[in-house]
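Visitor: coords below, sequence missing:
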């Protein structure tokens, strides 16, 4: 008798994400000592190997300019919460993109790099998207769902983590940059 299982790529990442997707539509912000999602506030940002959308191996922190704060969003084309955050992401890129690195990590659940490229053809926000094909970034950044945002200070230490559509990302970035 054959046992049905999730395909390898999905099995490693999808099940925890699918379980969490049923829950939390509101933003959750982690304070020092509270680790709701993301790496602990105050910790160094994990270095993770991913792919760019051409399939070349890259390091996530290579997209974080030295000496600049950064915003990393765990994202998917099908994610309603990510769509709700997009206007803020666009505003952050427009207002602060010269002083802050913004990176979207496309998770490998129910999408492909090709689908991400098609999405970017109709809406390119001006910041890079990288592909987390094997879930390395999801695991390293404790991002059990999409719309998880991690902000880093200029020394690449975690200063903010949150999840959901109700995050005040523009406000958090303004505080971080001092604008």
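Guide: Arrived safely. Quantities reported herein were computed from a predicted structural model and do not represent experimental measurements. Numbers count the residues shown, from 1 in each chain.

Visitor: C-alpha only now, for contacts and for neighbours.
Guide: Will do.

Visitor: Would you mind finding the longest helix in the protein?
Guide: Counting residues, the longest helix found in the chain (DSSP state H) is helix 80-96.

Visitor: Name the residues of that helix that come out as buried.
Guide: Residues of helix 80-96 classed as buried by neighbour count (16 or more other CA atoms under 10 Å): 80, 81, 82, 83, 85, 88, 89, 90, 92, 93, 96.

Visitor: Could you point out the helix or strand that follows it?
Guide: strand 101-107 (DSSP states H and E).

Visitor: Against which helices or strands is that next one packed?
Guide: For strand 101-107, the elements it packs on are strand 70-75, strand 129-132, judged by 3 or more CA pairs under 8 Å, 6 or more residues apart in numbering; DSSP states H and E.

Visitor: between the ones you listed, which gets nearest to residue 122?
Guide: Nearest to residue 122 among the helices and strands packed on strand 101-107 is strand 129-132; the distance by CA to CA comes to 14.1 Å.

Visitor: And the closest one, what does it pack against?
Guide: strand 49-51, strand 101-107.

Visitor: hmm, who's touching the last one?
Guide: Contacts of strand 101-107 from elsewhere in the structure, counted by CA atoms under 8 Å, 6 or more residues apart in numbering, are 63-65, 68-76, 93, 116, 127-133, 135, 137-138, 146.

Visitor: Now residue 150. Its backbone dihedrals?
Guide: phi -120, psi 130 (degrees, to the nearest 10).

Visitor: what bridges to it?
Guide: Counting by DSSP bridges, residue 150 is bridged to residue 72, residue 161.

Visitor: list the buried ones in the helix or strand hosting residue 172?
Guide: Using DSSP H and E, residue 172 sits in helix 169-177. Buried positions in helix 169-177, judged by neighbour count with 16+ other CA under 10 Å: 169, 170, 173, 176, 177.

Visitor: Ok, stretch 128-140 next?
Guide: 129, 130, 131, 132, 133, 134, 135, 136, 137, 138.

Visitor: pLDDT added to these, as TSV?
Guide: Converted to TSV, the buried residues of stretch 128-140 look like this (pLDDT from 0 to 100):
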residue	pLDDT
129	97
130	98
131	98
132	98
133	96
134	96
135	97
136	97
137	98
138	97
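
Visitor: Adding distance to residue 105 as columns, could you present these in JSON lines?
Guide: Putting those into JSON lines (distance: CA to CA, whole Å) gives the following:
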{"residue": "129", "distance to residue 105": "6"}
{"residue": "130", "distance to residue 105": "5"}
{"residue": "131", "distance to residue 105": "6"}
{"residue": "132", "distance to residue 105": "6"}
{"residue": "133", "distance to residue 105": "10"}
{"residue": "134", "distance to residue 105": "12"}
{"residue": "135", "distance to residue 105": "10"}
{"residue": "136", "distance to residue 105": "11"}
{"residue": "137", "distance to residue 105": "8"}
{"residue": "138", "distance to residue 105": "9"}
